[in-house]
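Student: sharing a sequence plus its predicted fold:
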Amino acid sequence: MNNMTPQETLTQWLEQSAAVRARMLQGGGKPGLARPEQVTGKSGMEIMQAMLAGELPYPHIAETLDFALIAVEPGKAIFQGTPQLKHYNPLGTVHGGWYATLLDSAVGCAVHTMLPAGRAYTTAELSINIVRAASRQTGPLRAIGTVIHCGRQLATAEGRIVGPDGKLYAHATTTCLVFEVPTRG
Ligand SMILES: CC(C)(COP(=O)(O)OP(=O)(O)OC[C@H]1O[C@@H](n2cnc3c(N)ncnc32)[C@H](O)[C@@H]1OP(=O)(O)O)[C@@H](O)C(=O)NCCC(=O)NCCSC(=O)Cc1ccccc1
C-alpha cells in the first residue's frame, strides 16, 4: 500500500523524472527516429529500456508536448507531463489532445512491453474520457498504461491520468493491432 502524502509523491515524481532525464542525456538521448539496426532483434521491453537509458532517441512528440517516459515493466508503462499554457485550446483550458496523446503513449507502450522481437503494434482504436480539467497551475500528472489482453494479432490496454494526490483526470482504453515488423527495401 502507498502511504505517501501528495507532497511526498510529487517530490518522488520530480526526482524520478529528473533522474530519467539525466540518464537519457548522459546516454546521448535526443529526439529522433531509431535506425532499423538499432531495434532489430530487440523485444519491445528491450527497446523501451534502451530508450530510458538514452541509447535510443526518444520521439519528437515527447518534446513537442513536454512529456517523458518514466518507467516500464512487463505490461505497464508510465509517462509524466506537466500541462502548460502552450497546451491550451482557445477555450482557455488544456486541449483534449494533450490527455489523449499521453494516454495513447502510455497504453501503446504498455502493449509494446509485451511484444517479442520482430513484432510491432499500432493503435487501431483509442477511447478516452476526460473527467477533470487540468490547468497550468496543476503541476505534473502521470499517465499509467496497463495491458489487459495481448494476443498474436490484437492487444487491449487501459490507462489513467492521475495527479500526485490520486485525483483522476482522464482514462482510456485502446485496441492495438499486433503484426510482424515489415521488412523494408
Ligand atoms: C465539467 C466536467 C465535464 C463534468 O464534471 P463532472 O464529472 O460532472 O463533475 P464532478 O462533480 O465529478 O467534478 C469534477 C471536477 O470538475 C469541476 N466541475 C464540475 N462541473 C464543472 C463546470 N460546469 N465548470 C467548471 N468546473 C466544473 C468540479 O468542481 C470538480 O473539481 P473539484 O473537485 O471541485 O476540484 C468535468 O469532467 C471536466 O471538466 N472534464 C474535463 C474536460 C476537458 O478539460 N476537456 C478538454 C478540453 S476541451 C478541448 O480541448 C476541445 C477543444 C479543442 C479545440 C478548440 C476548442 C475545444
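Tutor: Sure, I can see it. Numbering: from 1, shown residues only.

Student: hey, where'd the strands end up in the chain?
Tutor: 67-73, 76-81, 119-130, 141-150, 154-162, 168-180 (DSSP state E).

Student: let's see the fifth one as CSV, backbone CA atoms only.
Tutor: Once non-C-alpha atoms are left out, strand 154-162 reads as follows in CSV (Å, rounded to 0.1, in the frame of the first residue of the first chain):
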residue,chain,number,x,y,z
LEU,A,154,-4.9,-8.0,-31.0
ALA,A,155,-3.9,-6.3,-27.8
THR,A,156,-6.0,-4.2,-25.5
ALA,A,157,-4.9,-1.9,-22.7
GLU,A,158,-6.3,0.7,-20.3
GLY,A,159,-4.8,3.9,-18.9
ARG,A,160,-5.4,6.6,-16.4
ILE,A,161,-4.0,10.1,-15.9
VAL,A,162,-3.7,10.9,-12.2
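
Student: what lies in contact with that strand?
Tutor: When contacts are defined by C-beta atoms under 8 Å, 6 or more residues apart in numbering, strand 154-162 is touched by residues 99, 102-103, 106-108, 110-111, 114, 121, 141-149, 168-178. No exception for glycine: its C-beta is placed from N, CA and C like everyone else's.

Student: run a quick neighbour tally on the nearest residue in space to residue 57 that is not next to it in sequence.
Tutor: Leaving aside its sequence neighbours, residue 57 sits nearest to residue 32 (C-beta to C-beta, 6 or more residues apart in numbering; 3.4 Å). Per other C-beta atoms under 10 Å, the neighbour tally for residue 32 reads 12.

Student: low-confidence ranges in this structure?
Tutor: Scanning the chain for pLDDT under 70 picks out the ranges 1, 29, 184-185.
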